[in-house]
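Visitor: Predicted model and sequence below, questions to follow.
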Amino acid sequence: MKALVTGGGGFLGSVIVRMLRERGDEVCSFSRGDYPALAALGVRQIRGGLEEREAVVAAAKGCDIVFHVAAKAGIWGSYRDFYQANVVGTENVITACRTNGISRLVYTSSPSVVFDGSDVEGGNESLPYPSSYEAHYPATKAVAEKLVLAANSPELAVTSLRPHLIWGPGDNHLVPRIVAKGRAGKLRRIGNRPNLVDTVYVDNAARAHLQAADALSPGSAVAGKCYFISNAEPLPLWDMVNRILAVADVPPVTRSIPPKLAYTVGCICEALWGVLRLSGEPPMTRFVAHELATAHWFDIGAARRDFGYNPGISISEGLLLLRQSLRQPLQQPSA
């Protein structure tokens, strides 16, 4: 199989690429950067932006399948930037598939596309899209997911995976943010509820993409559907945060603030950053306040049934691997 992976140099994308190469598939990565680790795996790299339609179409030429992993993530930024990367980029990927006669497309979505600010406990794929969003990322990812699912046809089989809070060695987003804020003493519990939250170890998320791809074909049980992906081990949010902090030798979070106060602070921060055009991300937003104060865990029964997904690495095992990766630089001999 010859696969195109958008965002092949990213956290999840690089693991998908590695797994494809380990089983002998030919891989092309499309991303903005150049990654020596991909070159070492024998991966062809094409540099470009998702908003460049001709570049995306050219990158997909000769491929059998596309894994569309690349996206603009984050809690802050201009709507235009999110829209260009997440919506226009996805339109271009779909066009690339159709132009090149590619019959399979696996799209990386997010559970945030159905998050309305309230608890989600054991939610499945019947959850509706909310009428409004508190952040540009879930809003544009929802538009993109709808485009992908609408593109399903006898010529192009598509599926959308929604991995929740991916973490593990090589993480350049979730774990570093938690550790940095923990070391700086800037983390606070939002409320005192033991709200259960799902996460997923990166290798499990990547494996789900390969399993879905192998089961995907026009008219198959997977075609035209979306799937939640997690470790199926929901834990109280702050227990999971403290376990991540522990592997980095950072003290646990013990102080808390009321959810209503966090939401109010988020409103104020968004207003200040918007009016004053302050650089960087605000320390709190409405979306983050709701995310940290609510439960969100999911039923992965559909993924188990339709393409045999089963999280092979437990949270405990993943944390040991994460600890090893965080300590590895300390073990390297000095020059």
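Guide: Yep, it's here.
Visitor: In this protein, what residue spans correspond to helices?
Guide: Using DSSP state H, the helices of the chain run over residues 11-22, 36-40, 53-59, 79-82, 89-99, 136-150, 174-183, 202-215, 237-247, 259-276, 286-293, 301-307, 315-331.
Visitor: And the contacts of the fourth one?
Guide: Contacts to helix 79-82, defined as CB atoms under 8 Å, 6 or more residues apart in numbering, come from residues 72, 136-137, 139-140. Bear in mind the C-beta positions are built from the backbone N, C-alpha and C, glycine included.
Visitor: got it, and the fifth one?
Guide: Residues outside helix 89-99 that contact it (CB under 8 Å, 6+ apart): 4, 6, 49-53, 56-57, 59-60, 66, 68, 70-71, 102-103, 105, 107, 144, 147-148, 151, 155-156.
Visitor: Apply 6 Å and report the result again.
Guide: Helix 89-99 is contacted from outside by 50-51, 53, 56-57, 60, 66, 68, 105, 144, 147, 151, 156, using CB atoms under 6 Å, 6 or more residues apart in numbering.
Visitor: any idea of the angle it forms with helix 136-150?
Guide: Angle between the axes of helix 89-99 and helix 136-150 is 20 degrees (criterion: axes from the mean of the first three to the mean of the last three CA atoms, to 10 degrees).
Visitor: rewinding a little: so which of the contacts of helix 79-82 is the most crowded?
Guide: Neighbour counts for the contacts of helix 79-82 (other CB atoms under 10 Å) peak at residue 140, which has 25 neighbours.
Visitor: Which residue, other than its chain neighbours, is closest to it?
Guide: Nearest residue to residue 140 in three dimensions, chain neighbours excluded: residue 86, at 3.9 Å (CB to CB, 6 or more residues apart in numbering).
Visitor: Quick one: residues contacting the one you found.
Guide: Going by CB under 6 Å, 6+ apart, residue 86 touches 71-72, 140-141, 144.
Visitor: same deal with residue 244?
Guide: Residue 244 sits next to residue 178 when contact means CB under 6 Å, 6+ apart.
Visitor: What does residue 75 show for phi and psi?
Guide: For residue 75, the backbone dihedrals are phi -100, psi 0 (criterion: degrees, to the nearest 10).
Visitor: okay, now the residue nearest to it when sequence neighbours are not counted: neighbour count?
Guide: Using CB to CB, 6+ apart and skipping the chain neighbours, the partner closest in space to residue 75 is residue 285 (5.4 Å). Neighbourhood size, residue 285 [other CB under 10 Å]: 22.
Visitor: residues contacting residue 285?
Guide: If a contact means CB under 6 Å, 6+ apart, then residue 285 has 75, 266, 270 as its contacts.
Visitor: Going by neighbour count, which of those comes out on top?
Guide: Counting neighbours by other CB under 10 Å, residue 266 leads the contacts of residue 285 with 21 neighbours.
Visitor: list the contacts for it?
Guide: With CB under 6 Å, 6+ apart as the criterion, the residues that contact residue 266 are 284-286, 289.
Visitor: Which pair of these spans the longest distance?
Guide: With CB to CB as the measure, no two of the contacts of residue 266 lie farther apart than 284 and 286, at 8.4 Å.
Visitor: Please identify which of these two sits among more neighbours.
Guide: Between residue 284 and residue 286, counted using other CB under 10 Å, the more crowded position is residue 284 (23 against 19).
Visitor: Look up how far residue 317 lies from the closest residue in space to residue 204 that isn't next to it in sequence.
Guide: The shortest distance from residue 204 to any residue that is not its chain neighbour, by CB to CB, 6+ apart, is 4.3 Å, and that residue is residue 311. Using CB to CB, to the nearest Å, residue 311 is found at 10 Å from residue 317.
Visitor: and if you look at residue 159?
Guide: Separation of residue 159 from residue 317 (CB to CB): 27 Å.
Visitor: returning to what we had before: compile the helices of the chain into a markdown table and extend it with columns for distance to residue 221.
Guide: Output for the helices of the chain, formatted as a markdown table (distance: least, CB to CB, whole Å):
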| stretch | distance to residue 221 |
| --- | --- |
| helix 11-22 | 22 |
| helix 36-40 | 32 |
| helix 53-59 | 28 |
| helix 79-82 | 32 |
| helix 89-99 | 20 |
| helix 136-150 | 15 |
| helix 174-183 | 31 |
| helix 202-215 | 7 |
| helix 237-247 | 32 |
| helix 259-276 | 40 |
| helix 286-293 | 32 |
| helix 301-307 | 5 |
| helix 315-331 | 29 |
